[in-house]
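In: Show me how the following folds:
(2 chains)
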Amino acid sequence: MSLNPEVQQIVDSAKALGHLVYSMNINGIKYIYRSINRSEFKELQELMVREAEAAKIESDSKKKDIPDKDPRLDAINQALETKAAEIREKGEERLVAKGVLYPKISTNTPAGVSTTLADRIMEASGFGAEEEPEQL
Amino acid sequence: MALKRSQSSCNDVSILQFFDRTDIDKLFRAKMEYGQLFLFKSDNIYTILRPLTVLESETIASFVGRLHETVIEDWVFDRCLIISTVSKDYLFSKSKCFYIKNIVTKLYLLSNIQDIKEYNKQLLLERNKANSVQNLLETIIAKGYNSDHTTTKNMTQRKQFEVLAKAEKITGDLLQISNNKENNKKALRRFSEEAVVVGAEDITSPEVADKPDF
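Out: Have a look, this model is predicted:
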């Protein structure tokens, strides 16, 4: 695979940092992506946890002083679920932004591409790659 | 004293080649302490961990849902890690993000028998082992001196015989040895099939022998 020097440099830098680099074609476009390491994963997780906690606090404050069985509670719970889905989606976007080396994901990138790349980055990072250990 | 070398298959990849003497010492100590170790091979990284103890497993269970899973995973991995071909720092920050998670998930399953049939099988196996002359000997010593089995196991076999005689006096339990040689042979636990002592001389004497700590 021949890459232009600029992209090759990006790939080499990622490899030098210990990441595994892969490429795949989606709709005729070659995407280059890398594995995510544990400290990067923790950073992404922490951001998501912080956002989820903030959403929960906000939701709880809205529920304050609203009596049980009040129909407004359903709306607040529904809003919290929507917010949780947004947080997960944002988490996926951050994962892709970190893992995709080239080309950069833009607002014009089809939504399915981002999800496919997120799955591939997870696989490259060892998701589901369980191996049976040897007993000593 | 000459020891017959144990035969090993040329096809076996010896894990010894990946670790230095300090690591091998850690490995042996861990094996003696925990009895069971697991070697994980992934992405050219060799990592050996011990299983979780029952208390550790129960403690983890009480924190699930209260602490973020990466925090629990790090704790388990750090606690159970014996040796690895890469540094701890690399494992915790630079390894593939699911490396530790996959190992910890597997370790948790391996440390706690999930299947009742397997549970019963292990219990029966241990019961059978417990009836061997060697194990009965260790049990009588432990009972006589109110100590744990590890202390007894750390003695030489000769020392165990000596302490057993005293423990029998204390407990009133006499180790029953059958006159049938074959029965005793089966009952005695095998230490090493290959180890053969040739022309050995007993250099111990009551004066130099280790005094039991209890």
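In: which residue is nearest the middle of chain B?
Out: By C-alpha atoms, centre = their mean, chain B has its centre lying nearest to B:G35, at 1.8 Å.
In: Can you give me the first-to-last residue distance of stretch B:33-40?
Out: Start-to-end span of stretch B:33-40 (C-alpha to C-alpha, to the nearest Å) is 19 Å.
In: Quick check: buried residues in the helix or strand where A:D119 lies?
Out: Per DSSP states H and E, A:D119 falls inside helix A:111-124. Buried residues in helix A:111-124, counting neighbours by 16 or more other C-beta atoms under 10 Å in any protein chain shown, are found at A:113-114, A:116-118, A:120-122, A:124. Glycine gets a C-beta too; all of them are placed from N, C-alpha and C.
In: Show me what the mean pLDDT comes to for that helix.
Out: The average pLDDT within helix A:111-124 is 90.
In: helices or strands next to it in the packing?
Out: Here helix A:111-124 touches strand A:21-26, strand A:29-34, helix A:71-99, going by 3 or more C-beta pairs under 8 Å, 6 or more residues apart in numbering or on different chains; DSSP states H and E.
In: what mean pLDDT would you report for the next helix or strand after the last one?
Out: Think helix A:71-99. Counting by DSSP H and E, the next helix or strand C-terminal to helix A:71-99 is strand A:100-102. Strand A:100-102 comes out with an average pLDDT of 93.
In: the inter-axis angle of the helix holding A:D119 versus strand A:29-34?
Out: 40 degrees (axes from the mean of the first three to the mean of the last three C-alpha atoms, to 10 degrees).
In: Would you quantify the distance from A:E53 to B:I15?
Out: Distance, A:E53 to B:I15, by C-beta to C-beta, to the nearest Å: 44 Å.
In: Who has more neighbours out of those two?
Out: Using other C-beta atoms under 10 Å in any protein chain shown as the criterion, A:E53 and B:I15 rank with B:I15 on top: 18 against 10.
In: That one touches B:Y46, doesn't it?
Out: Yes - using C-beta atoms under 8 Å, B:I15 is in contact with B:Y46, at 6.5 Å.
In: so which strand or helix has B:T47?
Out: Here B:T47 is assigned to strand B:45-49, by DSSP H and E.
In: Which single one of the buried residues of helix A:111-124 is nearest to B:N120?
Out: A:M122 (38.6 Å; C-beta to C-beta).
In: Who are the contact partners of the closest one?
Out: A:95, A:128, B:98 (C-beta atoms under 8 Å, 6 or more residues apart in numbering or on different chains).
In: out of those residues, who's nearest B:Q122?
Out: A:G128 (29.0 Å).
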